[in-house]
Every structure is written in C-alpha cells, then in structure tokens.
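Visitor: any chance you can model this:
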Amino acid sequence: MLRCWPRDPRQSDRLYGPWFLVPLIALIASNLVPVNSEPAVWASGAPGSPPVLRADTFARANSASGWGIASDGHTWALLSGASAAGGTVRITGNKGILAQSSASLFNVLGSSVSSAGQEGLVRWSVDSTNATAGILLRAQNASNYYLARYNGQGSIEFMKKVGGVSTHYTAFSFTPGGGNLYWLRFQVQGTTISIKVWAAGTPEPDLWTYTTTDTSITAAGSVGLYGFAINDTPNTFDNFTVRTPTSSEPAAVATSTPVPTQDTEAVAGPARLTQTQSDAGVTVQSLNASNDGWRVFFNSNQGGAITSLGEIDGGVYTELMQQAVPHAHMQSYVNVNGTLVSNQQPGAHITVLRSSPALVALRTISTNPIYGLTWTYYYYIWPDGKMFVQLNVQNIGATALTLGGTRPLEINHDGLVLAGYASQAPYEWYGLKSSITSPVPSSVVSVEPDFFARTPSIAPGPTLGSFMDKLTPWSAVGASSYGTRDFSGGTNGRAKEQWFGSMSSLAAGKALTFSILLDLRRSLTQDQSVDIDADYRSPGVTAGAGSVNSSDTEPVSMPLVNGFNVATGTYVLSAGADHVTCLLSFPPGVRTRWSPAYKILGWSKGAPTVRWGGQVLSPGSDFAYTLDEATQTLYLQLDFDVVAQDPLPGQRLNDYLDVS
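Guide: The predicted structure follows:
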C-alpha cells in the first residue's frame, strides 16, 4: 500500500516515507492531473504532525440526508440544544452542503474533544455575500461556544456566546466573492483567540490577521462548523480539521481586543465595554481605539456603590475619587429617627445581568439589618458613558419606620475629588427647566433641580465631566422637596451635591423608586447638559415596520414613555418578520439624540443588517449590538448622535433606521 500525508499549509513541501518510494511517487505524480493544489486536512499520525482532534475531508458518496459519518469515523450531529437548520444539509460532489436555511446550522463532529487548545481549518464558500459560515471551537452547548465566522455583512467576526448571550467582535473587513473558495483558520490557545482568512489557491499569510484574549470559556467541549444559507444558494465546506496548536505558532499581527468610541469627540474607533468581577466587586471599563475612556468600580463592601471612578488617557488611568473614606458617586440616605442610614452597607450582592462590549447591566442589593432598609440599584451601562439607573429604597421590615431630621431623604451626586472639581462657576452647576445655576449654593435653597453636573477645574488634567439627572421628582414617591445644596469640602475634600426630600414615615413594605441618568462625558459643557436632559426627559419614536411597545419587563415590569425605557435607556420595539423601521422624534427643546439605543423584541434572524436613511451601516464602527438568542432580543446602539438639523462631526441628520 502506498501512503502519503498531506502537509500543513505553513510547512515546506516534503514527502514522507522510505527513500525507495520517492521515484515511484514522482512517476505516478507525473501522470496525474492535480485535482486540488490546496492543503488537505492534517492527517493523524503523519510524521511531525500535531495531534488531530477531528477531521473530515467530506470525500464520500453523495447523501441527501445530512453529513453522516466523517472521514475520521466520527458522526456529525447538532450541537446540544441547537435547533435544526432546516433546508438542505447534504453531501454533494465531495463537499458538505448547506442550503435554504431557516435557522443557523451548528454542527459538531463527535462528542467533546480531549484538548482545550484547538486550531480549526476549513475550506469554504458562500454563494451569497449575505450568507454566513464559520468554525465552532470549545462548544459546550447551544448557549456556550466560541465562533469565528464570515458574518454576511462584510466582516470576519469573533463571536462568543456565554450563558445564552451572544457578543460580536468585528475582527477585520472581508467580503467573499460568491462561490469562490477560501480558507479559514481559527485558533484558541489558552485565553488567546486568533483568526485568519485567505483565498484558496494563494499562499497562507504567515501571521494571524486578528488576535484577542477571552476568558469566558475554558473547557474543551466540541468542535464543528457553522453556517446560514440564503434561499437556495448553498454554502460549501470541505477539508475540515481541528488539531492541537503547536508551540511554534506564528506571531499575530494584531494584539488588541475590540475597543470603544466617545460621543461627539473625534476619536479613533468606537468605544466598547469590558467587565471583570471579583470578590471585591465589579469593574466596568470603556475604551476607544486610542485607549482613551473611563473606568468605574462597584464595591461589594460598600453596598455595591461606585466608590472608584477614573479617566483613562492613552491607557494611563487617573483616579478621580481618591479619599480616605470611600464615598459613593451615587449616594442615597434615609434618616431614621435622627440616624442617617446609607446605601453603602457591607456585604452587597452584585449580579451581572448582561455583559458585552455593547452593554453591561448590573444589579446591586444592600441591606441594613437593623432598620430593615434595602437598596436595589439596576445599572444599564453603555459604551458612550451613559448609565441608566433604577433605584429602589424599600422598608422590608414588619413595621413602619419613623423618619426624622429636617432632611429625611437624600440622593447625592458625590465623591469626586474637590481639588480637581472645584465648587465654583463654571465648573459646577445645576439645571432646572433648561435654566442653569452655577455654582450650586452651599446653603439649602428651595428648588428641586433636574440635574447636577461637574467638570474638571484644573488644567492640564482630567477632562471627564460627570452629569446626574434625577428624572423622578420627590412628589412621585409621596415625598415633598426640601431643597438642594452643595456640601463639598470636609476632611475628605470631596465634591458633593444633594437633593433633599421630606417624608414623615416609610410604611412596612413600602418602596421608593427613582429613575436616574448618570453620564460620564469628556469636556462636558453646560449647553450639552441641557441637551442631555432634554433627550432623557422627552423621548419619542415612531415605527413603520414593526411596532413601538408601551411596556417592558426589563429590569422589572414597567410602562414606557413614548416607547422609551428610562431604566435601560432603550427604545423598545417589536419586530415584524425580523424587520423594524423607526424614526426618532424631536419635540420642542430637544436638539440632540445622544447615541440612541434600541431593544428589538422577537428577533430570530441573528446578525442584523442596519441602514440609516437607506445607507448600510458598518457593525463595529457605526453601531454595536448584542443578541440574546434565548429571549430573541436584539440590543443595538448607534455610534453617533442624531440631530434634527445642521449635523456636526460625530452627528448624523435624523432619518429612518432600518434593521433587518
């Protein structure tokens, strides 16, 4: 028997076997017409080859019913929990074919593999540039896997799905020619993710085109192929192999994770979020491609409150809340018979509800067991610096609490270092019905501001401004307004503004609920703060395809304001046949819609195609999205602001948004 091993496409040409076979092989080869000059799959047991975990050449008899048994003896099957792709999954002409998909195909080869270090290689084609194709690695089930794919929208993506929530990272721009053959190589080695794509019949690039790191999935799991075919135009796959990576892999070209964009500033690349969790708390960071952004820390030992907040410039972090005693940037007090009880209770429970580069959502719960007071905060955090907050203060005790003092209730904008955020005009101000007062008086005045804002007063130095808008008036929770003041200074030198409410008692079981917007924005101006407030308080959208919702269940069941969820910062719409068109409205006083965000229900398609005024937008540069396939919900934020007239850099003129 004559045996030859196909080569790794990165290795030099060489033949393996006894010396006396070389002339024979040459003779045979001289009388054969090469069928395919491309590398075949790695062959298990070839001299010097790395261990092969799975392989399928797809060279076998035609079959109309699935991909069957692979060339390595393992059987193709749906990933655990995945839906059938529908349409046609078949073997034709020594290729795996996918056509007429009704859902994405997630096919894995055999059961779990033996190594978490995995490198996949496949030759593939799509007949439609709107189709998708890729490689699955570390696939635990339909809710947890890594995927490298062509996304049907002009990009190669790294996608991870963790706990049923999909997160998409644009790796690099790429549009395949319909029916043309390409190679995709996808490697997961430890926490390093690497991808490259090249045209069949051309040399493989020596270096990875894209690399990043991710720690979400560490177990080996299964490996396989993915695709979605448009109508009856087929995707094809052949020469599929997954091996364990060698120790001498080529270095990567890129070494950065997908990163973030700031609002109206001219910055290099959109801002994106990262979230890390430890016993101490949760850190959320936003960075753009220049490594400029911000970072906040939710402290488990201080009620889950933000006790650290800093600016990042070129990757260098500057703390803006350095104090001997930690103070919450968003603070709440209840005065119980003369004792001030705050939300900064030890042993808080912090739950990460959503985590993606496009959106991070948290819930923090802290309780004072002596008085039976519980503070629950929901934070929906977007890359541009907006944090939409729902605060619930509840008496969970069996008896009413008598509230004392002249100021029974407080909500404070607190914690910035006074040395950098002076209590003087024009660096500190409050807004009330589009009117600005600066600075905030140090004695209590009988007004209930809509918002407070501070911007740095030292130069050169930080530029990060902080804006806090209390949408819910005291009267909405059964209290009356006592007034406001600036209470900066003291031994901690901190900057602080206060809203005061009056209430004689808090009944057993009674909860006070407030909607609040916190916005971290570089070079914040007074005019911008007025526009941000107007956008927040006067939302509006109309729908063509699909419909505008009147209520939502996130984070809890609540009515919407003209389709807008004030707790999540999203316009909530229901798709009709995976299609939504909508138009923002601009009532009097609203000049800017700041990086608007949308929540689209009933979304089953997968990656969206997004158009603005008929122009196709690019994921990763014009918008960011995350898809919750378990609930068929698409979250999408635009990476630009929208205006009714005279757009500036970073803005676009209002027009129809089309998501399909």
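
Visitor: count of neighbours near residue 218?
Guide: Neighbours of residue 218 under the rule other C-beta atoms under 10 Å: 12. Quick note: C-beta positions are derived from backbone N, CA and C, even for glycine.

Visitor: and it, what does it touch?
Guide: Counting by C-beta atoms under 8 Å, 6 or more residues apart in numbering, residue 218 touches 116, 138.

Visitor: what about it, distance to residue 418?
Guide: 45 Å (C-beta to C-beta, to the nearest Å).

Visitor: what's near enough to touch the spatially closest residue to residue 299 that is not a sequence neighbour?
Guide: Spatial nearest neighbour of residue 299, excluding adjacent residues (C-beta to C-beta, 6 or more residues apart in numbering): residue 307 at 4.3 Å. Counting by C-beta under 8 Å, 6+ apart, residue 307 touches 297, 299, 321, 326-329, 344, 415.

Visitor: buried ones in whichever strand or helix holds residue 211?
Guide: Taking DSSP states H and E as the criterion, the element that holds residue 211 is strand 210-213. Using 16 or more other C-beta atoms under 10 Å as the test for burial, strand 210-213 gives 210-212.

Visitor: what of stretch 472-481?
Guide: 472, 474, 477, 479, 481.

Visitor: check stretch 642-656 too.
Guide: By 16+ other C-beta under 10 Å, the buried positions in stretch 642-656 come out as 642-643, 650-652, 654.

Visitor: what's the answer for stretch 353-370, then?
Guide: 354-368.

Visitor: quick check, pLDDT for residue 279.
Guide: The model reports residue 279 with a pLDDT of 86.

Visitor: and if you look at residue 342?
Guide: pLDDT, residue 342: 94.

Visitor: check contacts around it.
Guide: Residue 342 touches 303, 328, 331-333, counting by C-beta under 8 Å, 6+ apart.

Visitor: again with residue 517
Guide: Counted by C-beta under 8 Å, 6+ apart, residue 517 has contacts 386-389, 451, 467-469, 471, 532, 536, 569.

Visitor: from these, which two are the most distant?
Guide: Greatest spatial distance among the contacts of residue 517 (C-beta to C-beta): 451 and 569, at 15.3 Å.

Visitor: if we can go back for a sec, quick one: buried residues of the helix or strand where the residue nearest to residue 299 lies?
Guide: Using DSSP H and E, residue 307 sits in strand 305-313. For strand 305-313, burial by neighbour count (16+ other C-beta under 10 Å) applies to 305-312.

Visitor: output the below-cut-off pLDDT ranges for the stretch 101-250 of the chain.
Guide: Where the stretch 101-250 of the chain drops to pLDDT under 70, the residues are 101-103, 231-232, 247-250.

Visitor: now swap in the stretch 251-400 of the chain and tell me
Guide: Within the stretch 251-400 of the chain, the stretches with pLDDT under 70 are 251-269.

Visitor: which residues in it form strands?
Guide: Counting by DSSP state E, counting those that start in this stretch, the stretch 251-400 of the chain has strands at residues 272-278, 281-287, 293-299, 305-313, 316-319, 330-336, 339-342, 349-355, 360-368, 373-381, 386-395.

Visitor: where does the stretch 501-650 of the chain have low pLDDT?
Guide: Scanning the stretch 501-650 of the chain for pLDDT under 70 picks out no residues.

Visitor: how close does the residue nearest to residue 591 when sequence neighbours are not counted sit to residue 586?
Guide: Distances taken as C-beta to C-beta, 6+ apart place residue 531 nearest to residue 591, at 5.4 Å, with adjacent residues excluded. According to C-beta to C-beta, residue 531 and residue 586 sit 11 Å apart.

Visitor: before we move on, what about residue 508?
Guide: Using C-beta to C-beta, residue 508 is found at 45 Å from residue 586.

Visitor: so which of the two has more stuff around it?
Guide: Comparing residue 508 with residue 586 by other C-beta under 10 Å, the one with more neighbours is residue 586, at 19 against 14.

Visitor: wait, residue 466 touches residue 417, no?
Guide: No - counting by C-beta atoms under 8 Å, residue 466 stays clear of residue 417, with 11.6 Å between them.

Visitor: just checking, next helix/strand downstream of the strand holding residue 211?
Guide: Sequence order places strand 222-228 as the next helix or strand after strand 210-213, per DSSP H and E.

Visitor: gap between that following strand and the chain center?
Guide: Centre-to-centre, strand 222-228 and its host chain are 23 Å apart (C-alpha atoms, centre = their mean, to the nearest Å).

Visitor: list the strands paired with the helix or strand just after it, with their directions.
Guide: Note on strand 222-228: by DSSP H and E, the next helix or strand toward the C-terminus is strand 235-243. With DSSP bridges as the test, strand 235-243 is paired with strand 52-56 (antiparallel), strand 95-99 (antiparallel), strand 118-126 (antiparallel).

Visitor: so which of those strands gets nearest residue 403?
Guide: Closest to residue 403 of the strands paired with strand 235-243, according to C-beta to C-beta: strand 118-126, at 60.0 Å.

Visitor: and the angle for that closest one with strand 222-228?
Guide: 20 degrees (axes from the mean of the first three to the mean of the last three C-alpha atoms, to 10 degrees).

Visitor: tell me the helix or strand right after strand 118-126.
Guide: In N-to-C order, the element after strand 118-126 by DSSP H and E is strand 132-141.

Visitor: hang on, the earlier thing: can you lay out the buried residues of stretch 472-481 as TSV showing secondary structure and pLDDT?
Guide: Formatted as TSV, these follow (DSSP: H, G, I helix; E, B strand; the rest coil; pLDDT from 0 to 100):
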residue	secondary structure	pLDDT
472	coil	98
474	helix	97
477	helix	97
479	coil	95
481	strand	93
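
Visitor: which one of the residues you listed sits closest to residue 579?
Guide: Nearest to residue 579 among the buried residues of stretch 472-481, with distances taken as C-beta to C-beta, is residue 472, at 34.8 Å.

Visitor: leaving out the residues flanking it, which one is nearest to the closest one?
Guide: That would be residue 514: by C-beta to C-beta, 6+ apart, it lies 4.3 Å from residue 472.
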